[in-house]
Every structure is written in structure tokens, then in C-alpha cells.
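1. Quick one, structure for this:
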Amino acid sequence: MVMTDAGELILMLLVILIAAEVFTNALEHMGERLGISEGVTGSLFAAVGTAMPESMVPLLAFFAGTGDAVVDTEIGVGAILGAPLMLSTLSLCLMGLAVSRQRGFKGIIAPERSGLTRDLNFFLLAFGIAAAALFIPRQYAGTHVLVAILLPSIYFIYVLLTLRVSAQLVKDGHGTEAHHDLFLSRVGMPDNWWVLFAQLALGLGLLIGGAKGFIHGVESTAHHLGVSALLLSLLIVPIATELPEKVNSILWIRRRKDTLAFGNITGAMVFQGSVLPAIGLLLAPWEPREEILYGVAVTCVAALWLRVLVWSGHLRVWHLCVNGLLYVGYVTVMVT
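-> Below you'll find the model as predicted:
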């Protein structure tokens, strides 16, 4: 049965990966046609696009999950808080390791600093508020609602500020360029806006289907392994659903497009540290369980570490390996 569960997870993972490639390819072409910066394409379009699996997993878990309310809640909350944990630690580490041979461990990584600084500042603000809300007693439901309204508002301000600086960044040579033809145009379809929108819809549909299947795979695997769905969701679901960000960022940083590579990850962190916790506050018990508190602490430390490095102006490949060690430490504590 465990092998069958693993097979389902792998199949749904492949669906998610294919869907993310289709979706992100269309987003790159949209960014190029609109004449916007790499920062907007990476931090907004690509980040939100590849964050769709993480977004769909908690939503589908809450509204159309396994039928077990406790399991559905654990999957949903685990997916919400596990996503920024994975991005701020393992994803950044893998991105650094991908260029360790090319640049050396002391090699310099040089994303556009103002955009990266903005991403990290907004993430730490929004995620810090969401983390503090864990300690608000459940009887103060009105306060949870207010925080749930505040978090998307913070993201909205972040979007406005990111769009505001786009034109100047394009003038400075940071405009978006698509590296591959639109996927649907490769099979004979015309390269126009209608086909681009069709590809976006196709990618989104596959993402929803893959996320739905993944929920059931996680529930079944947790049952057979004898572990909580919350822990499995904190560790396994993000590894799978964050793969689009990892793959895209690795490809971009190996092409020396450091701004796109970081923006894809840190932009997703802002989205997942604001909009998704708002969903959790409204739809799930938002409580300080041990697995959650350790995960939140590691996430904040990893993001602060990166923020300090950006502030100092010296970001090197080996620095990102520290983020990976934080993730290894978290997993070690949780499974022992």
C-alpha cells in the first residue's frame, strides 16, 4: 500500500511540475509583451504562478479534502506554513549549490538589491504578524478576522510598490525576456494573446488537478507511515509543491539571471507569508503547536539571515548553504 501511495504522490508531482512549466512559460511571455521588469515578472507573475500548487493544497484540503476534518485541517495548515519554511531554507540552499561549481562557494551572487530588500522586508512583516496571531486565543475570533484582512492588505501594498518601480528597472536593463517559445505555439498554434491565455488556463487547470490528487496521497501515506498529517504536510507537501520555484530559480541563476532567480523565491515568500496565512486564520484552528512553532522560528531566522546579507552587500554562494543547514536542523528535531 505504501508503494501505491508513493506512486500516486510521484504521479501528482509530475502533473504539478508540468503544469508549473506551462504556466510559468506563459507568464514569462506575458511579462515580455507587457514590457515589465524582471523584478515584477519574478516577484509577482512567476512567484504567484508557481505558488499556485501551495495555494490550491490548503484550499482544497479545507473545502474538498479527505472527509476527515482533523486530517484536512492538518494538511491545510501544514501546507500554509511549510511553504515559506521550504522556500527560505532548502530552496535557497539548492539554488546556491546549483552554481557552487560554476562560481565557487565564495562566488558572488548579485540580484538587484532594492527588489530583494523589499521582498524580504514585506515577508518578515507579514509573516511576523501571522506568527504572532498563533498566540491569540480562539475565543477572540474577531481579532483573527482583522489580522486576516490586514495580511492581504500588506500584500496589496507590496504589489503596488513593486509595480511602481518597474519602468525604471526596465530602463536600467532589467526588462523581462522569455527564453523559450510559447509552448502551445510549438505545436502549431499561433503566437498571440488568445493562445497565451489558453496556456495560462491549461496550466492552472493542471495545477488544481495535481494539488487535489496530492492531498489524498498525503492523507493515505500519513496513515500507513503512522505519522501526523501535519508533520507530513510541513515536510513533504512543500518539497513537492515548491519544486517549480526551485527548478525555475536554478535554471535562472545558472544563466546568471540572479534577479529572476531570487525574485521567484522571495516573491513567493511574500505571497505565501501573507495571503495564505490569512486563509488559515479564517478557515482553520490557528494554534501554536510544537511542529508549527519550530517551523515558524526557523523560517524567520532564515529570512533574517538573508536580509542581513543583503544589507551588508556581500551575498556569496556559501551563505545560502547556511539556510539549508537550518532546514536540516528542523527536520532532525522533528523526526527524533
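2. Could you find the closest non-adjacent residue to residue 88?
-> Nearest in space to residue 88, with sequence neighbours left out and distances taken as CB to CB, 6 or more residues apart in numbering, is residue 302 at 4.0 Å. Heads up, the C-betas are built off the backbone N, CA and C, glycines and all.
3. Please, which helix or strand holds the one you found?
-> Using DSSP states H and E, residue 302 maps to helix 290-312.
4. Can you spell out which helices and strands pack onto that helix?
-> helix 69-86, helix 113-132, helix 229-241, helix 317-335 (3 or more CB pairs under 8 Å, 6 or more residues apart in numbering; DSSP states H and E).
5. closest to residue 289 out of the ones you listed?
-> Of all the helices and strands packed on helix 290-312, helix 229-241 sits nearest to residue 289, with 7.1 Å by CB to CB.
6. For the helices and strands packed on helix 290-312, could you give me JSON lines that also reports mean neighbour count and mean pLDDT?
-> Listed next are these as JSON lines, based on neighbours: other CB atoms under 10 Å; pLDDT from 0 to 100:
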{"stretch": "helix 69-86", "mean neighbour count": "26", "mean pLDDT": "78"}
{"stretch": "helix 113-132", "mean neighbour count": "20", "mean pLDDT": "94"}
{"stretch": "helix 229-241", "mean neighbour count": "24", "mean pLDDT": "67"}
{"stretch": "helix 317-335", "mean neighbour count": "17", "mean pLDDT": "91"}
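7. Burial check on residue 188, number of neighbours?
-> Residues near residue 188, counting by other CB atoms under 10 Å, number 6.
8. With residue 28 as the reference, measure out to it.
-> For residue 188, the distance to residue 28 (CB to CB, to the nearest Å) stands at 20 Å.
9. outside of stretch 292-306, which residues touch it?
-> Stretch 292-306 is contacted from outside by 77, 81-82, 84-85, 88-89, 92, 120, 123-124, 127-128, 131, 134, 230, 234, 269, 319, 322-323, 326-327, 329-330, 333-334, using CB atoms under 8 Å, 6 or more residues apart in numbering.
10. Would you map the helices across the stretch 51-200 of the chain?
-> Assigned by DSSP state H, counting those that start in this stretch, the helices in the stretch 51-200 of the chain fall at 52-64, 69-86, 92-98, 100-103, 113-132, 141-164, 166-171, 193-225.
11. The residue lying closest to residue 181 once chain neighbours are set aside and residue 30: what is the separation?
-> Nearest non-adjacent residue to residue 181, counting by CB to CB, 6+ apart: residue 191, 7.2 Å away. Residue 191 is 12 Å from residue 30, where distance means CB to CB.
12. between these two, who's got more neighbours?
-> Between residue 191 and residue 30, counted using other CB under 10 Å, residue 30 has the larger neighbour count: 21 against 12.
13. Please state the mean pLDDT value computed over whichever strand or helix holds the more buried one.
-> Using DSSP H and E, residue 30 falls within helix 2-34. For helix 2-34, the mean per-residue pLDDT is 74.
14. so what secondary structure elements neighbour it?
-> In terms of contacts (3+ CB pairs under 8 Å, 6+ apart), helix 2-34 is packed against helix 47-50, helix 52-64, helix 193-225, helix 229-241, helix 243-254.
15. one step back: my guess is the residue nearest to residue 181 meets residue 180, correct?
-> No: with contact defined as CB atoms under 8 Å, residue 191 does not reach residue 180; the gap is 11.9 Å.
16. excluding its backbone neighbours, what's nearest the residue nearest the centre of the chain?
-> The centroid of the chain falls nearest to residue 268 when counting by CA atoms, centre = their mean (4.3 Å). In space, and not counting its chain neighbours, residue 268 is closest to residue 47: 4.0 Å by CB to CB, 6+ apart.
17. what's the spacing between the one you found and residue 139?
-> 36 Å.
18. Where does pLDDT dip in the stretch 151-300 of the chain?
-> Scanning the stretch 151-300 of the chain for pLDDT under 70 picks out the ranges 166-179, 211-212, 215-216, 218-233, 235-237, 239-245.
19. re the thing from before, so which of the helices and strands packed on helix 290-312 gets nearest residue 150?
-> Between the helices and strands packed on helix 290-312, helix 113-132 lies closest to residue 150; by CB to CB that is 6.7 Å.
20. Give me the helices and strands touching the closest one, please.
-> When contacts are defined as 3+ CB pairs under 8 Å, 6+ apart, helix 113-132 sits against helix 141-164, helix 258-283, helix 290-312.
21. just these: most buried one?
-> Most buried of the helices and strands packed on helix 113-132 by mean neighbour count (mean count of other CB atoms under 10 Å) is helix 258-283; its value is a mean of 27.
22. got the angle for that one vs helix 141-164?
-> 160 degrees (axes from the mean of the first three to the mean of the last three CA atoms, to 10 degrees).
23. Now do helix 258-283: distance to the chain's middle.
-> A distance of 6 Å separates the centroid of the chain from that of helix 258-283, by CA atoms, centre = their mean, to the nearest Å.
24. helices and strands around that helix, which ones?
-> helix 38-40, helix 47-50, helix 52-64, helix 69-86, helix 92-98, helix 113-132, helix 141-164, helix 243-254.
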